[in-house]
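Engineer: sequence and predicted structure below; questions after.
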Amino acid sequence: MSLRKRTSVEVDEASLGYILRIALPMVIATISYTLMQFVDRWMVGLYDEKALAAILPASMISFVPSSFLLGLMTTVNTFVSQSFGQKSLRDCSHYCWQAIYLGLLYSVLTFAIIWPLSPQIFAWMNQPESLIPMEVTYLRIMLLGQFAVVFIWATNQFFMGIHRAQITMVTALISQVVNVAANYVLIFGKWGCPEMGIEGAGWGTFIGALVNGLTRVFYFIGPRIHSQFQSRSTLRLDGPKIWDLLRIGAPAGFAFCTNTAVVGAILFRLMGGFGETALAATSAVYSCVSLSFMPVVGLGTALTAAVGKSIGRQRPDEVERQTRHCLKIALIYMGCVGLCFYFFRDHIMAIWDLSPETAALGAKILICAAFFQVFDAAVITYSGVLRGAGDTPVPGLDHCGRSGLGTGPGRMGDRHHPAPMGGYWSLDRLYPAHRFRRHFQSHPF
């Protein structure tokens, strides 16, 4: 009897303990990649404030095409977790390989288009002429890095889907150490290497991503994963599975890409008119905000895997409990982050070692950022559960709609002062938080 009871507890995949167990490694892995970018910007800020002003616009533009790919890759988690729940283990690795093929093809296309147009893109974004050469250099390195990121994102979603996120956590931490070391050497010119500044930050990130991608692929095709999921025997192209990924993943990818493109266009085309001080302040704040909500992104990814497996096991009754646990954690965490942004804004800006004018402007923008944290928590959580159910069109349309919602207020605020840009971010999240909740409540899981 005791054995039965223990087994029953172990398979309660809607319990808080189970959700935390699969979410914690994913949270750490997700934070690690964003922390890599945060460290890039922080170290570049220590090197030169002008380079700090250049690095975020370049990062954002590189992420516009990557964001479609990221949205597409998140559906790997959906299909892998549902196949895992149905005990179709060979399909799990097969979906991962199809995602890798799609990602590599997409990366070749975006590389061929964006590389030659890089200078014109930043000129159209109204960037200061002194920053454009640095922005172009960093963007082009990030385009090369996207090939490594394909393997990171595809295998990340695979390991999450089979509830083995510890693997991604370990490889992410290793790559983070490599990235920091490479940044230190290449940005500041240590150990006999030339002083490269923002270019060194780009190559440091590239090296870290390459190490991350290679270690994950080696483990993916290694004996432990191959013995269970046949990962070395599922390399062939599969039209129906590719179509599955495109059918479910394209709306999510289009939503991410549209939202990122609109944010980038508004934020940096308009902010570029205020000069290097406004760009540097925005870069620092955006880096803090991006890092702060990454734990909730990791939690949402874990929720996608849990929901997908529950649906694959034909246990939709577990979905509501799983969502409720994740939403409570996300709201409490993001509420605390918002309070920290508001009460400790001056201390947060102090770590960037910026000029007094830039730091003061950044503190004002942080006040705006403090207010939308809880809305972010709701949006990310409900997006995660809907992705787990394979429902991406509705979130995709809402992402596109919310991008337009904040455009007008964002532009009006920016005409007078860069700080009201936070109003755009707040409007950007308020509507979909309410909309996703209503859609979740009426969803036939």
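Structural biologist: Right, received. Where do you want to start? Numbering: from 1, shown residues only.

Engineer: need the pLDDT of residue 444.
Structural biologist: Note for residue 444: predicted pLDDT of 51.

Engineer: typed the wrong thing, it's residue 277
Structural biologist: We have a pLDDT of 78 for residue 277.

Engineer: just residue 226 next, same as before
Structural biologist: 95.

Engineer: neighbours around it, how many?
Structural biologist: Residue 226: 15 surrounding residues under other CB atoms under 10 Å. Placement of C-beta: from N, CA and C, glycine included.

Engineer: excluding residues flanking it in the chain, which one is nearest it?
Structural biologist: Nearest residue to residue 226, sequence neighbours excluded (CB to CB, 6 or more residues apart in numbering): residue 232, at 5.0 Å.

Engineer: just checking, that neighbour touches residue 220?
Structural biologist: No. Judged on CB atoms under 8 Å, residue 232 makes no contact with residue 220 at a distance of 9.2 Å.

Engineer: those two: who's more crowded?
Structural biologist: Neighbours were counted for residue 232 and for residue 220 using other CB under 10 Å; residue 220 has more, 23 against 13.

Engineer: isn't the more buried one right up against residue 156?
Structural biologist: No. At 10.4 Å, residue 220 and residue 156 do not qualify as touching, with contact defined as CB under 8 Å.

Engineer: state the next helix or strand along the chain beyond whichever strand or helix holds residue 120.
Structural biologist: Here residue 120 sits within helix 89-124, counting by DSSP states H and E. Scanning forward in sequence from helix 89-124 by DSSP H and E, the next helix or strand is helix 132-161.

Engineer: now the angle from that following helix to helix 89-124?
Structural biologist: Interaxial angle, helix 132-161 versus helix 89-124 (axes from the mean of the first three to the mean of the last three CA atoms, to 10 degrees): 160 degrees.

Engineer: report the buried residues of helix 132-161.
Structural biologist: By 16 or more other CB atoms under 10 Å, the buried positions in helix 132-161 come out as 132, 134-161.

Engineer: how about the contacts made by residue 352?
Structural biologist: Residue 352 is in contact with 42, 45, 52, 284, 359, 362, counting by CB atoms under 8 Å, 6 or more residues apart in numbering.

Engineer: and residue 276, by the same measure?
Structural biologist: Neighbour list for residue 276: 49-50, 53, 128, 130-131 [criterion: CB under 8 Å, 6+ apart].

Engineer: ok, 7 Å please
Structural biologist: 50, 53, 128, 131 (CB atoms under 7 Å, 6 or more residues apart in numbering).

Engineer: farthest-apart pair in those, please.
Structural biologist: Pairwise distances across these (CB to CB) peak at 8.8 Å, for the pair 50 and 128.

Engineer: quick one: residue 36 and residue 178 touch, right?
Structural biologist: No. Contact between residue 36 and residue 178 fails when scored by CB atoms under 7 Å: they sit 9.5 Å apart.

Engineer: when these two are compared, which one has more neighbours?
Structural biologist: Neighbour totals were compared for residue 36 and residue 178, and residue 36 leads with 21 against 18 (other CB under 10 Å).

Engineer: thanks a lot, catch you later.
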